[in-house]
Structure formats: C-alpha cells, structure tokens
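Engineer: Based on what follows, work out the 3D shape:
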Amino acid sequence: MAKVGLVAAIGIAGIVTLNWQKDPQPTPVTPVPMATAPRAPRATPTEDTALGNLTPEDIKFLNALSARMQQNRSAVATAEETQRLERLVVGGPGVAPVKGLLMGVYLRTANRDLQMGSFNSVDLALGRMKLLDDRNAEVHSFEAHVRVRQEDWAGALAAAQRYEAALGPATVNMSLTLAVALEKTGRRADAQEVLDRPVFDACAQPTGDDVNACLTAADLRRMMAAPTPASNPGPEPGTRTRAALSVDAAKEQIQSERFDIRFDGENQTGVARDVRFVLDRAYVRLADIYYERPVRKIPVVLHSQRDYFSATGAPWWSGGVYSSHNGAIQIPIRGLPSSLPREMEDTLVHELSHAFVDEMSGGHAGRMLQEGLAQYMEGKRIEEELGPSELRRLATGGRQNVMSFYMLSLAVTQALVQARGQGKVNDLLKAMKETGSEDGGYRKVFGQPGAVVQKDILETFWRRYS
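Structural biologist: Numbers count the residues shown, from 1 in each chain. Down below sits the predicted model:
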C-alpha cells in the first residue's frame, strides 16, 4: 500500500479580517468581518450585532492583530496576544468575529508547531480549540491530519467521525482519512463502505489535492482486495497506542504503582508526595465507579506556573490538562508551597476522571460528556455552582463562552447520571469503544443519537430555569 499522504483541508492562512471602528458618537458602528478560514463556519453578524463590552483599545488591538496575520501568512500571535484574545472571549458573549479570530490564531499556531514536530503543543492546542468550539469541523479536520501524521489510527478515526458529526463537507481527503483509520483499526468492511461513497466519483478526473488522495484510495482498495495472511491478521478492533510524553530531563521523579510523577527539584518533593497520595486515593474511588481502569501507568508532570503555560500552551485560565494522545496529566503548581493546596485536589480528581473516561470510551467520548463527568466526579453540582439568576442566564443564553460551556456540560451530565444511573453511563462509555464512535454508543445504549439525548436534557433544563 502506498504511504498515506493526506493533505489537510485547513485554511491556516485564512484569518478573520475585522476592520472595526467605534463611532465616538453614541451610536455604535457595526463590525464587518471580511473572511474566515476556508470551510470554517463564517461569522456573519447582522446590522443588529453589538460590540458588547469591547473598548476602543480592544478594537485597536483586534484590528492590528487581524491585519498583521492577514498580510503575513506565516505570522503567529504571541502568547500575550493569545491570552488577551482568550480574555475577550471568556469574559462575556463578545462578538462572533472575536471568537473566529481566536480560532484562526489557534489553528495558525498549531500548524506551525506541527511543522516543527512539537506534537505535545499541537495536542494541547487542539484541546483549546475544542473548548472554544467543539462543533467546528475545521478543528476535527486538522486533528485527523495530525493523528495520521503520528500514525495514531484510533485518534484519527475518532477525529474523522467528529468531523462528519459536525457536518464537515464531504471531501475525498476526509473520506479517505476515515477509510484508512477504519482499516488500520481492524474494521475493513466499514472501510470498504466508506470507499464506496459517491464522493470518490471525483477520482475519475481528480484535481488539486484530490490527486494524491485518489491514488492512495486506489492503493487501499487493491490492498484490501488481497487476502490477509493468517500470520498477520491485523490489529484488534479498538487497539490504541499512546505517544511518549516529552519531559524535561532535569525534573525529579517519584512513582507509585499507578503513577509516574515528575517535578522541579527538592523544593517540590512535599507537593509531589501529596499529589501521589491524592491521585492514589482518587484512583481507588474512580475504579469503583467506572468499569475499566487505565491500562498503563499514568504520567503526571508538575510545572511551575510560568513553565506550565510555556510547556503546554494551555489557556491562561487552565488549572490542569489531560492529553488523550499521550495519556498524561500536567498541572501548574503556583509558587513553592510546602504542601498541596486544597483546591488542587479537585483539579487532580478532574484530570484523573478524564483518564478513566478516555480509557473506557476508547477516546470517543465527546468534550461535553468528558468535561461534565470530570466536574461531577469532583463533587460539583449545577445548583451549587450557580445561583437562581445565574441559572436563568445560563438557561436562556446557552453556550456563549468557555465558562458557560463548562456549566452546560455539568448540567447535562448531572441530569444524565441522576436520571439513568452511573451504570448506564458506564454502558454508554463502553458502547462508544465497541462501536467506534460517540454517536454509535448513544444509539446502542439509548436508541437515539447523542445530539437528541442532550437536546432533551437541555430542554428540560431551560423549562426549569428560564
């Protein structure tokens, strides 16, 4: 079979052009976006679009950053510029083009890191993009390309399925990505069904990026038509590999049966021991809740505050990250405490829950379910997190920013656990691994697509609080 050479259909160079102004008179001037990245959802505010709480300084900053990145297709935003954009998005509903510009910045930076082979940075950037908009097909297209580069076929399969669930346009490249990932994970019959799609009719007269994809599709068909030797039956369905985590060799190390913890020198030894104790205790509790446990020792890296953001590329508000790609937990330690701050215990439980859910679902659990379960395992409950007026705003406003996404995730998952029971949620995660997709898991366990199940829960939430 020819080497898979898929071309990512991602408009990294396309950055939103804002050209905004604020009239010194009381009547605001409507922002006018000119373009977004190809095939990404377009931000098209109407005459009624407001500038929200943007100050003249904010608008000047947005215009300057947008213009610079539009004029120079290799330019990327600085860490300070990215954090300022994140604050504008997180701080309130904002304006759609601000969110679009931030997504363009994330994609541009992640693509640069991909070309440099900095896969850890790329993986964390993907997490930020999904938090910003996990329904953006462009993000899932980019992730599929990344996973193919890494030969992470289970990851490529999950990303390609999320791309289709987000209604990304049917292309030869993305359909081929899905077919290759299915074949590589032992689902040859499903791969053949994908190769029979009408989109491959374009291969009769391929053009542009389709040429290499069509040649690879032809090679894949020939390879699948040949009998598989008995001595090489192919991988077991659902087989996953994990990438190695790159860790600074200067970091100290302590271990337990379940965790490999790295930290910065003797001054963090006490904190590292506390982290090990909290994680071991949380592991026992989560192992009683979920059906399956992570199959290998979990890497944990403790960073100084500054080192954490530079090493992980996490957003400014992040208290920790879990990577499905390498199965590692990374946590910022503020200052030099002699013992673990109480609030960090909740963060460790949150990130460890991600590891359990990721293992059980085969990496197919969506962002809403992942974040909802992680918060639920911390002990959070939506009625305790928000007051009556905040619940009404959340119910009527929906998902306006990153923080409201977290609260909606908690509300949906809490309702799912309380109505169906943890056992049924475990069945759902297991079914996701067995069917190879999040939607397949929902259909198998609940008889409905995941979007329908979540929509029913949200409608009840809206009726209750709005």
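Engineer: Residue 254 belongs to a helix, doesn't it?
Structural biologist: No: applying DSSP: H, G, I helix; E, B strand; the rest coil, one finds residue 254 to be strand, outside a helix.
Engineer: Without its sequence neighbours, what residue ends up closest to residue 331?
Structural biologist: Residue nearest to residue 331 in three dimensions, not counting chain neighbours: residue 320, with 4.5 Å by CB to CB, 6 or more residues apart in numbering. No exception for glycine: its C-beta is placed from N, CA and C like everyone else's.
Engineer: just checking, what packs against the host helix or strand of residue 222?
Structural biologist: Under the criterion of DSSP states H and E, residue 222 resides in helix 210-225. Packing partners of helix 210-225 (3 or more CB pairs under 8 Å, 6 or more residues apart in numbering; DSSP states H and E): helix 172-184, helix 188-195.
Engineer: Residue 413 and residue 406: what is the separation?
Structural biologist: Counting by CB to CB, to the nearest Å, the separation of residue 413 from residue 406 is 11 Å.
Engineer: likewise residue 226?
Structural biologist: Residue 226 sits 49 Å away from residue 406, taking CB to CB as the criterion.
Engineer: repeat for residue 101
Structural biologist: 22 Å.
Engineer: Same check on residue 385?
Structural biologist: To residue 406, residue 385 is 9 Å away according to CB to CB.
Engineer: In terms of neighbours, single out the busier of the two.
Structural biologist: The residue with more neighbours, out of residue 385 and residue 406, is residue 406; 19 against 15, by other CB atoms under 10 Å.
Engineer: pretty sure the more buried one contacts residue 375?
Structural biologist: Yes: between residue 406 and residue 375 there is a contact under CB atoms under 8 Å: 6.9 Å.
Engineer: helices or strands up against the strand or helix carrying residue 457?
Structural biologist: Under the criterion of DSSP H and E, residue 457 resides in helix 450-465. In terms of contacts (3+ CB pairs under 8 Å, 6+ apart), helix 450-465 is packed against helix 388-397, helix 402-420, helix 438-446.
Engineer: quick one, strands of the chain?
Structural biologist: For the chain, the strands defined by DSSP state E cover 252-255, 259-263, 298-304, 321-322, 329-333.
Engineer: Distance to residue 87, mean pLDDT and mean neighbour count added to the ones you listed, as CSV?
Structural biologist: What follows is these, written out as CSV (distance: least, CB to CB, whole Å; pLDDT from 0 to 100; neighbours: other CB atoms under 10 Å):
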stretch, distance to residue 87, mean pLDDT, mean neighbour count
strand 252-255, 34, 89, 13
strand 259-263, 29, 91, 22
strand 298-304, 21, 89, 22
strand 321-322, 19, 89, 22
strand 329-333, 18, 87, 23
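Engineer: As CSV, these with distance to residue 397 would be great.
Structural biologist: Output for the strands of the chain, formatted as CSV (distance: least, CB to CB, whole Å):
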stretch, distance to residue 397
strand 252-255, 45
strand 259-263, 39
strand 298-304, 34
strand 321-322, 27
strand 329-333, 30
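Engineer: Residue 156: which of those is closest?
Structural biologist: For the strands of the chain, proximity to residue 156 was assessed by CB to CB; strand 321-322 is nearest, at 19.5 Å.
Engineer: Over stretch 401-416, what's the mean pLDDT, rounded is fine.
Structural biologist: Mean pLDDT, stretch 401-416: 88.
Engineer: If anything else comes up later, I'll come back, but that's it for now.
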